[in-house]
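Q: I would like to see how this sequence folds:
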Amino acid sequence: MEFRYDFLQNQKIRWYIVIFGVLWISFTVYYDLIKDESVFKFIFYLIIGIFVISRGLGVHFEKLFGKKYIYVSDDDLHIKLRVLKKGTKTGWKEISSLELWPGRILITTRNKNNYSADLREVEPQIRHDFLQTIIQLANEKGVDSKKHGYLKNI
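A: Sure, this is the predicted structure:
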């Protein structure tokens with residue numbers, strides 16, 4: 001069994017944001033370049049407009065700085081929920097116990113290191129699928145798991 005989710009995958013186009021970005025750049029050209037003749041302000045607001053348009057087109061500029069993903073396989077467990085922070089990569093053989101809350105996971109390894117991941121910002125359906133996969137694989141691998149909240153019923 002495998003679970004894979006990339007938080008920085010391209011999303012659907014949101015035209016209202018694209019139109020806002022085009023209007024932003026248009027006003028920037030008019031006010032900063034033509035009226036004020038301020039090149040520095042023009043470049044600054046132009047960059048902001050380009051970021052707004054790229055966000056509306058579904059492209060994440062965070063991809064320039066790193067990755068953000070969840071990956072669970074029969075061998076490994078990878079959790080990286082922040083772009084600029086180091087993620088957790090642990091093999092199932094190294095895990096001694098898991099504590100699962102609806103919004104958090106605590107991993108304890110055989111050498112008594114603890115890793116925690118805050119899942120509250122993850123979309124509810126993705127979080128639920130991820131936790132179900134973790135529970136199923138933990139049961140298959142014989143890893144001690146303690147469930148809290150609604151996860152007790154899974």
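
Q: mind listing what V72 touches?
A: V72 makes contacts with M1, E2, F3, R4, H78, F130, T133, I134, L137, as judged by CB atoms under 8 Å, 6 or more residues apart in numbering. The C-beta positions use only the backbone N, C-alpha and C, and glycine is treated the same way.

Q: run the last query once more with 10 Å
A: Neighbour list for V72: 1-5, 78-79, 92, 129-130, 133-134, 136-137 [criterion: CB atoms under 10 Å, 6 or more residues apart in numbering].

Q: where's it relative to L64, distance?
A: To L64, V72 is 26 Å away according to CB to CB, to the nearest Å.

Q: Could you do L119 as well?
A: 25 Å.

Q: These two - which one has more neighbours?
A: Neighbours of L119 and L64, each counted by other CB atoms under 10 Å, are more numerous for L119; the result is 21 against 7.

Q: Isn't the more buried one up against L106?
A: No - distance between L119 and L106: 11.0 Å, which falls outside the contact criterion (CB atoms under 10 Å).

Q: So the residue lying farthest from the centre of the chain versus D75, what's the distance?
A: Residue farthest from the centre of the chain, counting by CA atoms, centre = their mean, is K35 at 41.3 Å. In this structure, K35 and D75 are 61 Å apart, going by CB to CB.
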